[in-house]
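> predicted model and sequence follow; I will ask about them next.
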Amino acid sequence: MSKKPSAPTLSVELAERIRQELLDGVFPPDTRINEVALAQRLAVSRTPLRTALQMLAGEGLLTYISNRGFTVRAFALSEIVDAYEMRALAEGLAARFAAERGISEAVRAELENALMRGDRILANDGDPGVQRTEYADINEIFHTKVHQAADSRLTDNVLRVCNQIPQASAHNIIAFEIDDIRERHRFHHKIYDAILAREPREAEILMRQHVISVKTSMVRAVSRQISAARAGKKNEAPAGTGDTAPEKHTTVKA
């Protein structure tokens, strides 16, 4: 008989699932999360669910109001665009520095492992939700290792600011279709080849193109969500949402 996941593991799994729904627009912006209804829908107790919500608040996807609970944070489209533009510049520089300075055998092995794992995940026509969740980790590993090889505190600081907008984070591939993700993964192979061949200019150009193409897909998805909300075309709110809360509040820090 299979074991139930431990509380920390379950909370991480719940956070990943709810993150996907948040980034897919299942929960409208400024909506209060009804923890009781959400726990029932996900068939879990409230303790691991609350831990997962606190994790997402720490990422900036939710805000917390004392004696009221969690609400879905709204991001202006301009904030998302700005974050991607800055990320494209910083990621491009990181790729250039990595190509100029060369990568260690350890980083090379981890990058190649991430690429091979991505190949396997995207090779079949399995459950798209499972594929997106599994590939999100691979995507983050690839970018993190390029940053590590760049060894630049400046680019790290810029990227840390960009990641405060969750839609612009390297972990976020949730809003994309599988064919989109396969195209992003092909870019990863090209970027890695340029870094390995010590071609700084090519590595920088490819990385910037990569991030800008991701921005285009994300902005398109967010724009559709905003238009649907303004036109009143949203479907009935899913279990787990409550009344709206338009006022601004401080985000909980995980």
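Yep, it's here. Numbers count the residues shown, from 1 in each chain.
> helices along the stretch 101-250 of the chain, start to end?
For the stretch 101-250 of the chain, the helices defined by DSSP state H, counting those that start in this stretch occupy 105-123, 128-150, 153-162, 178-196, 200-230.
> list the buried ones in the fourth one?
Using 16 or more other C-beta atoms under 10 Å as the test for burial, helix 178-196 gives 178, 180-182, 184-185, 187-188, 191-192, 194-196. Where C-beta positions appear, they are placed from N, C-alpha and C, glycine not excepted.
> in JSON lines: these, plus pLDDT.
Formatted as JSON lines, these follow (pLDDT from 0 to 100):
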{"residue": "178", "pLDDT": "84"}
{"residue": "180", "pLDDT": "85"}
{"residue": "181", "pLDDT": "88"}
{"residue": "182", "pLDDT": "91"}
{"residue": "184", "pLDDT": "90"}
{"residue": "185", "pLDDT": "94"}
{"residue": "187", "pLDDT": "95"}
{"residue": "188", "pLDDT": "97"}
{"residue": "191", "pLDDT": "98"}
{"residue": "192", "pLDDT": "98"}
{"residue": "194", "pLDDT": "98"}
{"residue": "195", "pLDDT": "98"}
{"residue": "196", "pLDDT": "97"}
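> need the max-distance pair from the residues you listed.
Using C-beta to C-beta, the buried residues of helix 178-196 reach their maximum pairwise distance at 178 and 196, which is 26.8 Å.
> can you pull out the strands in the stretch 1-150 of the chain?
With strands called from DSSP state E, counting those that start in this stretch, the stretch 1-150 of the chain shows them at 31-33, 62-65, 69-72.
> tell me which of the ones you listed is the most buried.
Most buried of the strands of the stretch 1-150 of the chain by mean neighbour count (mean count of other C-beta atoms under 10 Å) is strand 69-72; its value is a mean of 22.
> who's in contact with that one?
22, 27-33, 35, 53, 56-57, 61-65, 242, 245, 249 (C-beta atoms under 8 Å, 6 or more residues apart in numbering).
> tell me how far that strand is from the chain's mean position?
Taking C-alpha atoms, centre = their mean, to the nearest Å, one finds strand 69-72 lying 19 Å from the centre of the chain it belongs to.
> then stretch 9-22?
Computed by C-alpha atoms, centre = their mean, the separation of stretch 9-22 from the middle of its chain amounts to 12 Å.
> any idea which of the buried residues of helix 178-196 is closest to residue 154?
The shortest gap between residue 154 and any of these belongs to residue 195, at 18.7 Å (C-beta to C-beta).
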